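[1] Just to be clear, the model below is a prediction. Sequence and coordinates:
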Amino acid sequence: MSHDLYVQLLDLACGLLLITSVLVLWRRELTVIIRVFALQGAALAALVAVLAVRDGSVELGVVAVGLLVLRAGVLPALLRRALAAAGEQRRDVRPLVNVASSLLAAAVLALLGHAISRPLVALAPSAATQAVPVGMTVVLIGFFVLVTRRRALSQLVGFLLMDNGITAVGFLTTSGAGPAVELGVSLDVLMVVLVLQILTTRMRDTFGDTDLDELRELRD
Amino acid sequence: MTPLLLAPIAVPVLGAVIYASAGWRRATAGVSAASAALVLCAAVTIAVEVVRHGPRTALAGSVRVDALSAFMLVVIGAVALLATAATPGHLRTEIAAGRAGARTAARHCLLVQLFLAAMSLAVLAANLGVLWVAVEATTVVTAFLVGQRRTRSAVEAAWKYVVICSTGIALALLGTFLLNYAAQHAAPGAGLDWAELTAVAHGLDPDVTRIAVVLLIVGFGTKAGLAPLHAWLPDAHSQAPAPVSALMSGVLLSVAFYAILRVKVIADAALGTGFAQLLLVVIAVMSLVLAASLLLAQRDYKRMLAYSSIEHMGLLALGTAVGGRAAIAAVLLHVLGHGLAKGVLFLGAGRILQVTGTSRIDQVRGLAEREPVLAGCFGFGVLALIGLPPFSLFASELGIARAGFTAGLGWAVAAALVLVLVIAAALVTHTGRMVLGAAPEGPGAATAPRRAPAFATAVLVVGLVACAALGVTAGPLTPLLSLAADLVGTP
């Protein structure tokens, strides 16, 4: 792969990563959000695949396939199942922040992401590390979704966006932290989603709803 | 050596397999405690080995014990033994009251065993990445323990617990990746192994390391119950079954704090002592202010104990910020003392909840009249918690304060002492109302057998006696403590 093509593909994957995060902020329909999230998983896998081709690394290639299966296949499927279990509640009707302000916040978060990433880029400037600010921005947008959405399921998507961003930063800076750690991290994320999916079902059984505003029994 | 080092992980996994296959019955009721006892034995043997022959490794260096990990293993074993010994009695009462079935009991024991294995793995791991995986695994296995009762509040607590802890620990993952990045540029091939990280720490890029350290300390601080991401703690601790609260408060918080101790060693070498110190002092004072303000008007005694855990984690953060051998030795002693005292108190609180049927402070009156031994244990436990002699928390708090004044952090220590006094006053007032006075009529009547099971009471007394003995003399633990303090205290 020529260097120019490599940089273009890398930028394309990172661009997709960023656009999908903004789309999650923009759309309210949970089915759409889950589809967008699956697309982002594919973009993340593509990003790792590009790095694998550049390095000629079989190990990274395997990781890319694993990421594709987990983040574009298994996790969205779990989210869809949780959504089906939640019944009628398909729209995040009353987010704490409206769409226009959310998009504005995304712009501010992108600036913040760039500011935080400056030392990271400066340490070893390369095409891959130049893309780190995108990963940081995805982390921040994920955190924003997590704290401003009221549906249990959209909070879960926020957590997963954060996790996609962190994984992207990890691969862009160091091509991963070793197979044992990668596998452990993926398994942990999968388990967290499973646990939260079961809790969503329980929440609906006990509260009749997955609106997190209902969570106010415990308070000081 | 390898089997011994792996025993603290393998034994609880085996225990979990037993519960998965045999379920909860008379024969398996004791397996939990037996497994914890074996973990404690292994921990003590490992500690002796480490004191005599220095750090040990197994499995091609992926498992490594030095004095600090050995000490943490002893804490895990001791508090686990306390909690699991009280578990059968607790579960039998729950089953008798119809709040749980044999299936819930079996699942409870299985998850607790996995919980122990994950905590042991966290302190045995030679690699920051594996440590991260183990700490996150504790969140996954304890989620259903927190939500065990399936009431509205239990589900709410479990949801908040998983979301906040996973988010916090995700920040630590980002910090881990950034530290890995800095390490690979300092020395190609260096990874996340603690020994390698410490060796290259002087050459780490300061700007990247600074971001990584903030993320790691805030991230693991979330799991340790430190401000600003402490919000899960009072909910989870108040909703979890008593033996689980005892384990979470007594050891899980400290295991997460152990990660902060390790990170501080690297931060001090890479950035000088000032950076981590400032960060930890801010976090410590925030946690103490928070605990003090929410304890004053607390109405629920399990939440009261939970906020007290935030206070003690704040004190640990303060001691770690002070740094130096004396402060770190005091911090480690505090970890063990707090584990024992808080373990006893949560087990006692669980028993009080079973006896009175309420967790509200104002509905528990005259406990000393109805349940003198239980009330005594709870009362003395609170005295231990506020740091009265002879309990070991007196010695460790004194050690932290003295080291703090010597290290020039007098203002922070003075502020902390004022807050600790406020907290002590609040705890004593609330507990006094519960323990003393005349017993109420009507609601709050017994929902459990009046006579406390002798064995469960004995467990509480043993825990308190151990905490007091530790305060009089750290005894055979002294060499281990000073070796561990060397690891963290001298950069």
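    Cool, got the structure. Residues are numbered from 1 along each chain as shown, chains lettered A, B, ... in the order given.
[2] neighbouring contacts of the helix or strand containing A:G61?
    Using DSSP states H and E, A:G61 maps to helix A:58-67. For helix A:58-67, contacts defined as CB atoms under 8 Å, 6 or more residues apart in numbering or on different chains pick out A:41, A:44-46, A:48-49, A:51-53, A:167, A:175-176, A:179, A:182, A:186. The C-beta positions use only the backbone N, C-alpha and C, and glycine is treated the same way.
[3] Sticking with residue 156, tell me its helix or strand.
    Just so you know, I chose chain A. Using DSSP H and E, A:L156 falls in helix A:152-174.
[4] Hmm, no, I was thinking of chain B.
    Per DSSP H and E: helix B:152-186 holds B:E156.
[5] I'd like the next helix or strand past that helix.
    Toward the C-terminal end, the helix or strand that comes next after helix B:152-186 (DSSP H and E) is helix B:194-200.
[6] same for that following helix, what does it pack against?
    For helix B:194-200, the packing partners by 3 or more CB pairs under 8 Å, 6 or more residues apart in numbering or on different chains; DSSP states H and E come out as helix B:152-186, helix B:253-271.
[7] how long is stretch A:62-76 from one end to the other?
    20 Å (CA to CA, to the nearest Å).
[8] In the stretch 351-491 of chain B, which residue sits nearest chain A?
    Of the residues in the stretch 351-491 of chain B, the one nearest chain A is B:S359, at a distance of 11.5 Å by CB to the nearest CB.
[9] Next, find the distance separating the residue most central in space within chain A from A:V36.
    With distances taken as CA atoms, centre = their mean, the residue of chain A nearest its centroid is A:L161 (2.0 Å). A:L161 sits at a distance of 10 Å from A:V36 (criterion: CB to CB, to the nearest Å).
[10] what's the answer for B:A456, then?
    Distance from B:A456 to A:V36, by CB to CB: 53 Å.
[11] about what we covered before: what angle sits between the helix holding A:L156 and helix A:58-67?
    170 degrees (axes from the mean of the first three to the mean of the last three CA atoms, to 10 degrees).
[12] Do me a favour and average the pLDDT over the helix or strand that helix A:152-174 is followed by.
    Of the helices and strands lying after helix A:152-174 in sequence (DSSP H and E), the nearest is helix A:179-207. For helix A:179-207, mean pLDDT rounds to 83.
[13] what do you get for stretch B:337-357?
    The average pLDDT within stretch B:337-357 is 94.
[14] B:T57: what secondary structure?
    With DSSP: H, G, I helix; E, B strand; the rest coil as the basis, B:T57 sits in strand.
[15] List the residues that contact it.
    Contacts of B:T57 by CB under 8 Å, 6+ apart are B:5, B:63-65, B:126.
[16] Tell me the predicted confidence for it.
    Confidence score, pLDDT, at B:T57: 92.
[17] for B:A439, same thing?
    Per-residue pLDDT puts B:A439 at 69.
[18] what's the answer for the one 10 residues further on, then?
    Per-residue confidence at B:P449 stands at 51 (pLDDT).
[19] What of the one 5 residues further on?
    At B:A454 the predicted local distance difference test score is 81.
[20] got it, and the one 4 residues further on?
    Taken from the predicted model, the pLDDT recorded for B:A458 is 91.
[21] One more: B:S392?
    For B:S392, the predicted pLDDT is 94.
[22] contacting residues around it?
    Contacts for B:S392 (CB under 8 Å, 6+ apart) come out as B:333-334, B:336-337, B:340, B:467-468, B:470-471, B:474.
[23] Pick out the most distant pair among those residues.
    Within the contacts of B:S392, B:H334 and B:A468 form the most distant pair, 14.9 Å apart (CB to CB).
[24] The two: who's more crowded?
    B:H334 (24 against 19; other CB atoms under 10 Å in any protein chain shown).
[25] ok so, going back, mutual contacts of A:L161 and A:V36, please.
    Joint contacts of A:L161 and A:V36 (CB under 8 Å, 6+ apart) are A:V24.
[26] picking up where we left off before, check the spacing between the residue nearest to the centre of chain A and B:T358 real quick.
    42 Å.
[27] what about residue 114, helix or strand, and which?
    Went with chain A since none was named. In the assignment (DSSP H and E), A:H114 maps to helix A:99-123.
[28] was after chain B, sorry
    Per DSSP H and E: B:L114 is located in helix B:102-124.
[29] elements contacting that helix?
    Packing contacts for helix B:102-124, counted by 3+ CB pairs under 8 Å, 6+ apart, involve helix B:2-22, helix B:31-53, strand B:63-65, helix B:67-96, helix B:128-146, helix B:242-247, helix B:253-271.
[30] For it, what is the distance to the chain centroid?
    15 Å (CA atoms, centre = their mean, to the nearest Å).
[31] cool, and stretch B:202-216?
    Distance of stretch B:202-216 from its chain centroid, counting by CA atoms, centre = their mean, is 27 Å.
[32] buried ones in the strand or helix carrying B:R402?
    B:R402 is part of helix B:392-406, with elements assigned from DSSP H and E. Under the neighbour-count criterion of 16 or more other CB atoms under 10 Å in any protein chain shown, helix B:392-406 has B:392-397, B:399-401, B:403-404 buried.
[33] which of the contacts of helix A:58-67 count as buried?
    Looks like the contacts of helix A:58-67 have A:41, A:44-46, A:48-49, A:51-53, A:167, A:175-176, A:182, A:186 buried, using 16+ other CB under 10 Å.
[34] Return the member of those nearest to B:S238.
    Of all the buried ones among the contacts of helix A:58-67, A:S186 has the smallest distance to B:S238: 32.6 Å, by CB to CB.
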